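Undergrad: here is my input, please return the structure:
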Amino acid sequence: MSASSEKVIEEKVPWIPLILLTVISSTLGSIVYFLLRPLGTTFQCTYDWGVCSRTTFLTILPFIMIILSYPFRKLLKITQAHLTYLYAMGTIICFSNLGGVEGAYLFPVGISRTILHTPEEVLAVMEPWWWVPPADEVKAMLAGGAPINWSAWIGPIFFWASLNYSLFILTSGISLIFRRRWIDVEKIPFPQTLAAYEIVRTVTDRAPNRTPFIIGLLIGLVYEIPVFLQALFPWFPDIYGWRAVCPGGTWCPNPSTLPLMESIVGITTMTKDPVAFAIFFLAPLSVSFGVWFWTLVMWIVEQAAYTMGYYTGITTQGGFCRLFGYGGTASFMWGPPFYWAYMSCIGGAIAIAVTILYNSISYLRETIKLAFTSRSSSLEEKGEATSYRFAYTLLIAGIILVVLWHMMAGIDFLSAFSILVFTVIIGGVAGFYTYAHTGFIAINNLRGAHSWFPILVRWGGSLPDMNSKNIIMADFMTQNFTNGSNLMNFPIAQMVPFKMASLTGASVRNTFKVMVATVIISTPLIMITKIWISHLYGTPVIQGGACSIRDACSGFAWIGNLSLSVSYGAIGFLIAFILMILHARFIWFPLEPLGFVIATSVGGGWWGVWNAFLGAWIVKTIVLRVGGSKLYENYGVPVVGGILAGVVTTIFVGSIALAVKFFIPF
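TA: Sure, this is the predicted structure:
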């Protein structure tokens, strides 16, 4: 049960321990991530302490912080408020680019490495950039064992840290304005936080019945321990076939392993990730139903299109090839006749953002009125972290700073503004809203077809100079904002701790203070640690194959067809918006826009989420039909919390053991 109706716990923040833990976690987390590199991306991305590259983008560190506090709960008199602050600290560190979520770029190490793999005509534009170290320094870093020329890295550290700070200010403004709306009024579930709260209740002995939690814990351990052991010991049997999956547990079958694919063309990818099944169990039934329903619709219409001559030769291809057209094959996401990616990632994302704004008009009117009256200070006494006046000031400052940062990167004003509006705010807020309901985030992942937004606004569709600094950086930044939300996720980093505070009754104001202190400390510390560990060991610890900055390590075309983006984006917008109206108007109407957007999105296909949503929908429906909300809250939710505790505990222990293996091969 939420503690939002109880008296807020005004406990003092234990600043010294929190600051020490921030320093230790930021440093060790970065080191562990780099030392996992020899195992390959499957385990480097899923066994780090940051935002793991799993189906649900699980934040590992905040769970670790809560679990590790268990042995000290009585000695240190740990309360739910203390655990809320630990959760806030761990969440912010995760979203300060601690681990796998940032992919191959590893700011500032990765982008600097691109100068060694960039064509001469583009390199001529990059070399004068003050925030990229000289090529000789990058080569020395990759060789390993070289002393660090810190003067060459001051610019990159400042440059990327200022981006993180600018984004944090912007998203803090959004979060502080909408906190009451999303948490107290709409009561958005935030599935991962609900699961984390079950661990908090267990640690603080507040759980009325530990049996369901222990059952879930055993389930998580039974699944995840064999996954870890088969990575640690090559001779250990691969019980769950994890060696044959991509990062996050995505299974990409082909006709030889799944003969059914020869007759049903719509079958692509599936997930084996137990975290996905557990987290989606906490998602609204209407969303889960919508995901598998629209997946079924996609299969039917794709089969019909195949009989009409589309998707030639696709029955011989594997799941990823069918989705994205690898190797020049037909593509469900990017190809005719449906162009699903444009419908969801463009039109669907905009529809969700517009829906949020439309449904919040009266709320925003109220907050604006309060922000510019003398009554605004009184809101601090009503459970808000700050006054709305301060929140709107942060929002405006964040907008200015993000635009100025993009201009500092060489992007002109109109392009920077269009990236801010379409990619950062619309795509980010839509991704957050989906995550807040389901634990799944990457609906705005357009990957190689991401740049139609600035092109549409700035050049009216005409092709600009491809080698200009403006285009190179606009392409790179939009890729990073849409490729699974690699940068600070909007505004998840702040809203998730606010949700935990509402559940535990901790001070929202203190929780926000902890977030601010954490981002200030962790951001440069993580970057400095990355530079140090990269220079110490060189190429063996640096992720992935480097690439040119212009293609941003993407195998897709730099820009999609503009007319298709607009037309199919408009279709997706209409479908999602109509679903929103029907779902709001008729209680019996089972479909809503989130299910449609997730099912047809690049991220949904990439992670193969449909079967996890289907399984979660079946189990949750049975639980609610058999025992109602009582069975769901008293047994279902604690089991999910236990599953995540088991998985995260294994990841923590496994990451340390696998990091040790870097020094002592066995």
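
Undergrad: so who does Pro208 touch?
TA: Residues near Pro208 by CB atoms under 8 Å, 6 or more residues apart in numbering: Asn634. Every C-beta, even on glycine, is put in place using the N, C-alpha and C of the backbone.

Undergrad: how much space is there between it and Lys77?
TA: To Lys77, Pro208 is 21 Å away according to CB to CB, to the nearest Å.

Undergrad: so Gly313 makes contact with Ala330?
TA: Yes - under the criterion of CB atoms under 8 Å, Gly313 makes contact with Ala330 at 7.0 Å.

Undergrad: more crowded one of these two?
TA: More crowded of Gly313 and Ala330, by other CB atoms under 10 Å: Ala330, with 19 against 9.

Undergrad: tell me which element the more buried one falls in.
TA: According to DSSP states H and E, Ala330 maps onto no helix or strand at all.

Undergrad: now the residue lying closest to it once chain neighbours are set aside: how far from Tyr85?
TA: Spatial nearest neighbour of Ala330, chain neighbours left out: Tyr311 (4.2 Å); criterion: CB to CB, 6 or more residues apart in numbering. If you measure Tyr311 against Tyr85 using CB to CB, the figure is 52 Å.

Undergrad: of these two, give the one with the bigger neighbour count.
TA: Tyr85 (31 against 23).

Undergrad: so which helix or strand takes in the more buried one?
TA: With DSSP H and E as the test, Tyr85 turns up in helix 80-94.

Undergrad: show me what that helix is packed against.
TA: Here helix 80-94 touches helix 15-35, helix 60-68, helix 191-203, helix 492-504, helix 508-537, going by 3 or more CB pairs under 8 Å, 6 or more residues apart in numbering; DSSP states H and E.

Undergrad: 6 Å - rerun?
TA: helix 15-35, helix 60-68, helix 492-504, helix 508-537 (3 or more CB pairs under 6 Å, 6 or more residues apart in numbering; DSSP states H and E).

Undergrad: and after that helix, which helix or strand comes next?
TA: Next along from helix 80-94, by DSSP H and E: helix 109-113.

Undergrad: and whichever helix or strand comes after that next one, what's buried?
TA: Heading C-terminal from helix 109-113, the first helix or strand you meet, by DSSP H and E, is helix 120-126. Judged by neighbour count using 16 or more other CB atoms under 10 Å, the buried positions of helix 120-126 are 122-123, 125-126.

Undergrad: swap in stretch 516-532?
TA: Within stretch 516-532, the residues scored as buried using 16+ other CB under 10 Å are 516-532.

Undergrad: same thing with stretch 362-374?
TA: 363, 367, 370-371.

Undergrad: most widely separated two among the residues you listed?
TA: Spanning the widest gap among the buried residues of stretch 362-374 are Tyr363 and Ala371, at 12.5 Å by CB to CB.

Undergrad: nearest to Leu258, of the helices and strands packed on helix 80-94?
TA: Judged by CB to CB, the one of the helices and strands packed on helix 80-94 that comes nearest to Leu258 is helix 60-68, at 31.2 Å.

Undergrad: tell me which of the buried residues of stretch 362-374 is nearest to Ala576?
TA: Tyr363 (21.3 Å).

Undergrad: hmm, back to that, just the ones of the buried residues of stretch 362-374 in helices?
TA: Mapping the buried residues of stretch 362-374 onto helices (DSSP state H) picks out 363, 367, 370-371.

Undergrad: distance check, Pro71 against Val516.
TA: 29 Å.

Undergrad: sorry, back to before: could you look up the SS state of the residue nearest to Ala330?
TA: At Tyr311 the chain is in coil, as set by DSSP: H, G, I helix; E, B strand; the rest coil.

Undergrad: give me phi/psi at it?
TA: phi 60, psi 40 (degrees, to the nearest 10).

Undergrad: from Thr268, how far out is it?
TA: Distance of Tyr311 to Thr268, computed by CB to CB: 12 Å.

Undergrad: now the strands for the protein?
TA: Under the criterion DSSP state E, the chain contains strands at 250-251, 270-271.

Undergrad: residue contacts, the nearest residue to Ile396 once chain neighbours are set aside?
TA: Excluding its sequence neighbours, the residue lying closest to Ile396 (CB to CB, 6+ apart) is Gly173, at 7.4 Å. Taking CB atoms under 6 Å, 6 or more residues apart in numbering, we find Gly173 in contact with 391, 394-395, 398.

Undergrad: redo these as a markdown table? Include distance to Arg37.
TA: Output for the contacts of Gly173, formatted as a markdown table (distance: CB to CB, whole Å):
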| residue | distance to Arg37 |
| --- | --- |
| Ala391 | 41 |
| Leu394 | 37 |
| Leu395 | 38 |
| Gly398 | 34 |
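
Undergrad: could you export the residues you listed to a markdown table, including columns for pLDDT?
TA: As requested, these are arranged in a markdown table below (pLDDT from 0 to 100):
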| residue | pLDDT |
| --- | --- |
| Ala391 | 95 |
| Leu394 | 96 |
| Leu395 | 96 |
| Gly398 | 96 |
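
Undergrad: so which of these is the closest to Ile115?
TA: The closest of these, once distances to Ile115 are taken by CB to CB, is Gly398, at 30.0 Å.

Undergrad: shouldn't the closest one be in contact with Phe168?
TA: No - using CB atoms under 6 Å, Gly398 makes no contact with Phe168, being 8.0 Å away.

Undergrad: neighbour count for the two, which is higher?
TA: Set side by side, Gly398 and Phe168 show more neighbours around Phe168, with 27 against 23, by other CB under 10 Å.

Undergrad: quick check: closest non-adjacent residue to that one.
TA: Here the residue nearest Phe168, using CB to CB, 6+ apart, is Val519, at 5.0 Å.

Undergrad: okay, now the unreliable bits of the stretch 51-200 of the chain?
TA: 98-106 (pLDDT under 70).

Undergrad: ok, back up a step: winner for burial among the strands of the chain?
TA: Neighbour counts (mean count of other CB atoms under 10 Å) averaged over each of these peak at strand 270-271, with a mean of 24.

Undergrad: let me see the mean pLDDT of it.
TA: Across strand 270-271, pLDDT averages out at 92.

Undergrad: quick one: strands adjacent to it?
TA: Using DSSP bridges, the strands paired with strand 270-271 in its sheet are strand 250-251 (antiparallel).

Undergrad: from the chain's centroid, how far away is the strand it pairs with?
TA: 18 Å (CA atoms, centre = their mean, to the nearest Å).

Undergrad: now do stretch 649-660
TA: 22 Å.

Undergrad: give the buried residues for that stretch.
TA: Neighbour-count burial for stretch 649-660, counted by 16+ other CB under 10 Å, picks out 649-652, 654-655, 658-659.

Undergrad: which of these sits closest to Gly569?
TA: Nearest to Gly569 among the buried residues of stretch 649-660, with distances taken as CB to CB, is Ile651, at 37.7 Å.

Undergrad: ok, the closest residue to the closest one other than its chain neighbours - contacts?
TA: The shortest distance from Ile651 to any non-neighbouring residue, by CB to CB, 6+ apart, is to Tyr47 (5.4 Å). Neighbouring residues of Tyr47 by CB under 6 Å, 6+ apart: 36, 651, 654-655.
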